[in-house]
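Asker: All I have is the shape, not the residue letters:
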DNA sequence: CATTTGACGCCAA
DNA sequence: TTTGGCGCCAAAT
């Protein structure tokens, strides 16, 4: 477990419900503003179920990929969005 | 150890 | 606005 991964995991774990951060933002918060690629790589290789990696999307707001399938990611994001909208 | 790949992003044309 | 090329970091081959 490298410090880089730990930072990335920490940042992703801190993402609030119904919130989506871009890989760039995650990398920036992790302390590696230019490592947005490595961020995706870490999530891809070391994907952990304790990590809401589905809240990490592309710069365009488009869903990048997901270890369990992009479809699941969509559903999760939609669900969380609705939950956060609970007035 | 060197090279390629990848859940990406930004700049220039 | 859309397309192409370049850069960046970590892991896999």
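Answerer: Received the coordinates, thanks. Remember, it's a predicted structure, so these values are computed and weren't measured experimentally.
Asker: which residues sit in contact with the residue most central in space within chain A?
Answerer: In chain A, the C-alpha nearest the mean C-alpha coordinate belongs to residue A:56, at 2.7 Å (Cα atoms, centre = their mean). Residues near residue A:56 by Cβ atoms under 8 Å, 6 or more residues apart in numbering: A:12, A:15, A:20, A:21, A:22, A:23, A:26, A:39, A:40, A:43, A:64. Where you see a C-beta, it was placed from the backbone N, CA and C, and this is true even at glycine.
Asker: how about 10 Å then?
Answerer: A:8, A:11-12, A:15, A:20-23, A:25-26, A:36, A:39-40, A:43, A:63-64, A:66, A:73 (Cβ atoms under 10 Å, 6 or more residues apart in numbering).
Asker: And residue A:18, by the same measure?
Answerer: A:55, A:77, A:78, A:79, A:80, A:81, A:82, A:83, A:84, A:85, A:86.
Asker: Which of the helices or strands spans the fifth one?
Answerer: When secondary structure is defined using DSSP states H and E, the element that contains residue A:80 is helix A:70-84.
Asker: Enumerate the residues of chain A near DNA strand B.
Answerer: Contacts of chain A with DNA strand B, taken as Cβ under 7 Å from any atom of the strand, map to A:22-24, A:36-38, A:40-41, A:43-44, A:47, A:53-54, A:56, A:58-60, A:64-67, A:73.
Asker: quick one: pLDDT of residue A:39?
Answerer: Residue A:39 is assigned a pLDDT of 97 by the prediction.
Asker: residues in contact with the helix or strand harbouring it?
Answerer: Take DSSP H and E as the rule and residue A:39 turns out to sit in helix A:36-45. For helix A:36-45, contacts defined as Cβ under 10 Å, 6+ apart pick out A:2, A:4-9, A:11-12, A:22-30, A:32, A:35, A:48, A:51, A:53-54, A:56, A:58-59, A:64-67.
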